[in-house]
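# make a model of this:
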Amino acid sequence: QVQLVESGGGLVQAGDSLRLSCAASERTFSRYAMAWFRQAPGKEREFVAHISWSGANTYYGDSVKGRFTISRDSAKNTGYLQMDSLKPDDTAVYYCAAGVVSNLGGPGQYKYLYWGQGTQVTVSS
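Take a look at the predicted model:
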């Protein structure tokens, strides 16, 4: 059982940057692909980014491509989401996930076993 804890959210202005962290409780985290999702009030959960277990492959949702960067540090059992040029539309609760249980449909549609509790990101205009 892997527990994931997100941190780094907050209130920022449009154009600012934030870096989210996802700390895992187990070293087995390094064997898992991981991803970030977000959910805004009244909206469905949205895929943000995916990174392979090795870190060699990344994949982004269209709405964040070119602005967000996913990475991981296996030695620290931690994943990251660097968010630049933030927009009010990026306001949401951000969740990290790990452990792909279904890889049908490509990285944007993978299903994950482990989820964090989420961290709020609010971008003011």
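# can you tell me which residue sits nearest the middle of this protein?
Closest residue to the average C-alpha location of the chain: residue 36 at 2.0 Å, with Cα atoms, centre = their mean.
# give the pairing partners of the helix or strand that residue falls within; include direction for each.
Under the criterion DSSP states H and E, the helix or strand holding residue 36 is strand 34-39. Sheet pairing of strand 34-39 (DSSP bridges) gives strand 46-51 (antiparallel), strand 92-102 (antiparallel).
# and the shortest one, how far from the chain's centre?
Mean-position distance between strand 46-51 and its chain equals 6 Å (Cα atoms, centre = their mean, to the nearest Å).
# measure residue 49 to residue 26 for me?
Spatial separation of residue 49 from residue 26 under the definition Cβ to Cβ, to the nearest Å is 22 Å. Heads up, the C-betas are built off the backbone N, CA and C, glycines and all.
# neighbour-wise, which of these two wins?
Taking neighbours as other Cβ atoms under 10 Å, residue 49 and residue 26 compare with residue 49 leading, 26 against 15.
# bridging residues for the closest residue to that one other than its chain neighbours?
Counting by Cβ to Cβ, 6 or more residues apart in numbering, the nearest residue to residue 49 once its immediate chain neighbours are dropped is residue 70, at 3.9 Å. Residue 70 has the following beta-bridge partners by DSSP bridges: residue 81.
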